[in-house]
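1. fold the following and give me the result.
(one chain, ligands or ions: 1)
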Amino acid sequence: MIVQIHREGSIAIVRIDNPPVNALSLTVRQSLMDAVDALDADASVEAVVLCCAGRTFIAGADVTEFDRQPERPYLPDIVARIEAAAKPWIAAIHGTALGGGLEIAIGCRWRIASSDAKVGLPEVTLGIIPGAGGTVRLPRLVGVEAAVNLVTSGKPIDAARAISLGLIERLAETDLLTSAIAYARKSLGEPLPPMTRERAIVSAAPEFWTLAESAALKSARGEDAPLRALACIRKATEVGFEAAMTFERETFLTLRGSAQSAALRSVFFAERAAMRPPEIARIEPRSIRSTAIVGGGTMGAGIAAALREAGFPVILVEREPAALDRGLANVRAVFEGWVKRGRITQNIASDRISGVIGTTDYSMLADADLVIEAVFEDLAIKRAVFKSLGEVCRADAVLATNTSYLDPRAIAEGLPDPERFIGLHFFSPAHVMRLLEIVPTPTTAPDVIATGFALARSLNKVPVRAGICDGFIGNRILKTMRAQAERLLLAGSTPADVDDAMRRFGFAMGPFEAQDLGGLDIAAFQRKAARERGDESFAPVADRLCEQRRLGQKTRCGWYDYMEGERAPRPSPIVARHIAEAAAEAQIVKRSFTPAELSECVVLPIVNEGARILEEGIARRPSDIDLVEIHGYGFPRWSGGPMHWARAQGLSVVVSRLDVLARASLAAAPCQLLRTAAASGHFEMPSL
Ligand code: 3H9
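-> Predicted coordinates:
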């Protein structure tokens, strides 16, 4: 039984058991409605405790049902029924009470929680708003300001904060259920608290709404839901309960059917599926208890910090004492920065830092289960590192390279037991960025691949398997994006216009300002290596800028000029001259572009490159490309990533627009896989 009813004297216990997260599926909703009716009719019941089996209280509506029409009983009706039940209900919360789960709890007369519980209304992260009274009842419980923060951010809060806001009445002192029953019994002797819907709502001043709206507009970056959620809370302060509920329901249903919500749901499920790719489903990963990093630069230190955060002991190896001191200082700087920002306490930071042992002696790695090389991107240097690792490490230790663009097969050449070797491409800063490209070589053992995925899970990263090619998945698409952005300059646009267009599309930053921030020299270095290999690299303007040492913010000039002590980009007449020279050589016909045309000229070729990557088997699923772009390169999450975006536009529309761009020499023609996908309506993956 998905919803069971037990009795403890006059207290009924309604227990939901719907693994994995007790989502409110149709069956659960129907059973809950039946339970309220049955318990109301039972004269021997005085109060009802609502609790859940398994790891969590109700995690919300069942999101897998959102592709279908809503079915009765609707959740708002269930919350209303529980709220108005003849017998008072008490929610006993453990794990996470999220979305519709919290809305049900808010409909109960009391809420008690275990001390490690979390509560929240994360609906906006799925492109919707709370749709079962969250925007109408929550401000009645915690006040308008706290409700706005909870609903527009979507971020859960811990039980202690929920108590301080009045969202939860009490923390369980002992076992949650025992405490809930005792609390129910005690409370029955006292006057019932009013139903949440009956509580007063204190309106906020007009300036509050102006500020809240501009803050939500800024952080939403094109996403609709946070602003619509804010509008619902505002409405709840202006009209009566029923009218506010109607407004919330209409808004919820509109957003539930929106393209943004479909995109965000697709990302939600893709992120979870990424952790468990079917090809390694039954393969046991190797056990990782001790780890080591070779190289204490920004990347090595970031990876060390990520490993420490996940509880792994780390040995940090450098080639000589001064470099080791710098490496350990880099790790310290990460944790001390977190202390300054209040993210961790000094004690926790000290513990994290003391768990990193520095050495210049490779023999210290004799017993490490996992070693990640993060030294300079130079084949000879990396090979020398793996030669030393091959001599000292256990034959079953996993040896990984963090290279971002060298060929892992070349790095591993000559390594004994090469089945233990794999590419683990972290993104900088590695303790912040969630993307991890997992790059096996043809000799990597399946259990080593599975170990890469298991490691990603422990580090709370999003793992994506990538095949070997220049740039793997992410940097290869980045190269296309940058080439495309330069092509637009030659065709008559400006860096400022392209950057503005990409921000309007939803990127946090445009391609030119991003290059100025990161430095133009890194890409120049990669282009040089690519050209030495005989590959083409289209960057006629960037090449000119690098020759002039215009390397970005660090030299106070790059694609833009920067005044001393300022980060604000200023259009540069020198760059305009370089663009004009390169354009004259390229002989591309000049034209004007609207912002939408500019972003389309960048995004369509990204889709095409993604399709090529699928065609070549470098990525195994379109959703993997979406995750790489969202988590590594700032593609707006609410668009679902480039491949989801392409499907939402219509693949045949994408192909015909790319054909138009190709005829105008503004992009490469659509690849075969994209043309086939346009004909069939979905991406047919080549068998690998
Ligand atoms: C809502 O409530 C709307 C209402 O306001 C109004 C309605 C009218 N539905 O994350 P995990 C699956 S909107 C269906 O790996 P964890 C998930 O796909 C909802 N399935 O576990 C995965 O499946 P699989 C608002 C769901 O322990 C499995 O459960 N609520 C749902 O790391 C385990 O998930 C939310 O947005 C769902 N709602 O984290 C909460 N949730 O094993 C979303 C999870 O096949 N959920 N699944 O891959 C979460 O934040 C996390 O799952 C949670 C557990 C923190 C609960």
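2. now this protein, which segments are flagged as low pLDDT?
-> Within the chain, the stretches with pLDDT under 70 are 687-688.
3. which positions in it make contact with the ligand?
-> Contact residues, the chain versus the ligand (Cβ under 6 Å from any ligand atom): 20-21, 23, 56, 59-64, 75, 96, 98-100, 103, 122-123, 126, 130-132, 134, 269, 272. The C-beta positions use only the backbone N, C-alpha and C, and glycine is treated the same way.
4. in strands only, show me these.
-> 96, 98 (DSSP state E).
5. and the residues of the chain next to the ligand, which of them are in helices?
-> 75, 100, 103, 134, 269, 272 (DSSP state H).
6. quick check: the first one touching residue 99?
-> No: when contacts are counted by Cβ atoms under 8 Å, residue 75 is not listed as touching residue 99 (9.4 Å).
7. what is the neighbour count of residue 566?
-> 11 (other Cβ atoms under 10 Å).
8. which residues touch it?
-> Listed by Cβ atoms under 8 Å, 6 or more residues apart in numbering, residue 566 has no contact partners.
9. that one belongs to a strand?
-> No: counting by DSSP: H, G, I helix; E, B strand; the rest coil, residue 566 is not part of a strand but coil.
10. tell me how far residue 526 lies from residue 406.
-> Computed with Cβ to Cβ, to the nearest Å, the distance linking residue 526 and residue 406 is 10 Å.
11. one more: residue 266?
-> From residue 266 over to residue 406 (counting by Cβ to Cβ), the distance is 33 Å.
12. next one: residue 17
-> From residue 17 to residue 406 the distance is 51 Å (Cβ to Cβ).
13. residue in the stretch 201-350 of the chain nearest to the ligand?
-> residue 272 (3.8 Å; Cβ to the nearest ligand atom).
14. list the contacts for residue 173?
-> residue 179.
15. what are the phi and psi values for it?
-> phi -80, psi -40 (degrees, to the nearest 10).
16. so where do the helices sit in the stretch 401-550 of the chain?
-> Assigned by DSSP state H, counting those that start in this stretch, the helices in the stretch 401-550 of the chain fall at 408-411, 446-458, 474-490, 495-505, 511-518, 521-532, 540-547.
17. between those helices, which one is closest to residue 591.
-> Nearest to residue 591, of all the helices of the stretch 401-550 of the chain, is helix 474-490, at 10.1 Å by Cβ to Cβ.
18. give me the contact list for the one helix or strand residue 77 maps to.
-> Assessed by DSSP states H and E, residue 77 sits inside helix 75-83. With Cβ under 8 Å, 6+ apart as the test, helix 75-83 has contacts from 24, 29, 32-33, 36, 50, 61, 89, 100, 103-104, 106-108, 131-133, 137, 195-197, 245, 249.
19. picking up where we left off before, dump the helices of the stretch 401-550 of the chain into CSV; add mean neighbour count as well.
-> As requested, the helices of the stretch 401-550 of the chain are arranged in CSV below (neighbours: other Cβ atoms under 10 Å):
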stretch, mean neighbour count
helix 408-411, 18
helix 446-458, 21
helix 474-490, 23
helix 495-505, 21
helix 511-518, 23
helix 521-532, 16
helix 540-547, 20
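20. quick check: closest non-adjacent residue to residue 398.
-> residue 370 (4.7 Å; Cβ to Cβ, 6 or more residues apart in numbering).
21. same question, residue 3
-> Residue 3's closest residue in space is residue 31 (Cβ to Cβ, 6+ apart), at 3.6 Å.
22. what distance do you get for that neighbour to the ligand?
-> Distance from residue 31 to the ligand, counting by Cβ to the nearest ligand atom, to the nearest Å: 16 Å.
23. kindly report the same for residue 4.
-> 21 Å.
24. count the residues that sit near that residue.
-> Residue 4 has 13 nearby residues by other Cβ under 10 Å.
25. on the three-state scheme, it is what?
-> Quick answer, by three-state DSSP: residue 4 is strand.
26. in what helix or strand does residue 90 lie?
-> In the assignment (DSSP H and E), residue 90 maps to strand 89-93.
27. how far is that strand from where the chain is centred?
-> The chain centre lies 31 Å from the centre of strand 89-93; the measure is Cα atoms, centre = their mean, to the nearest Å.
28. same thing with stretch 381-390?
-> That offset, for stretch 381-390, works out to 34 Å (Cα atoms, centre = their mean).
29. contacts for that stretch, please.
-> By Cβ under 8 Å, 6+ apart, the list of residues contacting stretch 381-390 reads 294-295, 362, 365, 371, 373, 375, 399, 401, 403, 406, 410-417, 421.
30. again, only using 10 Å
-> Stretch 381-390 is contacted by residues 292, 294-295, 317, 319, 362-363, 365, 368, 371, 373-376, 378, 393, 397, 399, 401-403, 406, 408, 410-418, 420-421 when judged by Cβ atoms under 10 Å, 6 or more residues apart in numbering.
31. quick one, phi psi at residue 373?
-> Dihedral angles (degrees, to the nearest 10) for residue 373: phi -90, psi 130.
32. pretty sure the residue nearest to residue 3 contacts residue 22?
-> No: Residue 31 lies out of contact with residue 22 (Cβ atoms under 10 Å); the separation is 11.8 Å.
33. overlap in contacts of those two?
-> 2-3, 16.
34. is there a quick PyMOL command that grabs whichever of those residues are buried?
-> Command for PyMOL that selects the buried part of the shared contacts of residue 31 and residue 22, burial taken from 16 or more other Cβ atoms under 10 Å:
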select buried, resi 2+3+16
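35. quick check: end-to-end length of stretch 84-102?
-> 17 Å (Cα to Cα, to the nearest Å).
36. name the residues of that stretch that are buried.
-> 85, 87-102.
37. also stretch 385-393?
-> Buried-residue list, stretch 385-393, by 16+ other Cβ under 10 Å: 385-386, 389-390, 392-393.
38. which one among those gets closest to residue 434?
-> Looking across the buried residues of stretch 385-393 and measuring by Cβ to Cβ, the closest to residue 434 is residue 385, at 26.3 Å.
39. distance of the closest one from residue 371?
-> To residue 371, residue 385 is 9 Å away according to Cβ to Cβ.
40. burial count for residue 146?
-> Residue 146 has 19 nearby residues by other Cβ under 10 Å.
41. so who does it touch?
-> 138-139, 157, 161-162, 164-167.
42. in PyMOL, how would I select the buried members of those?
-> Selection of buried members from these for PyMOL, criterion 16+ other Cβ under 10 Å:
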select buried, resi 138+139+157+162+165+167
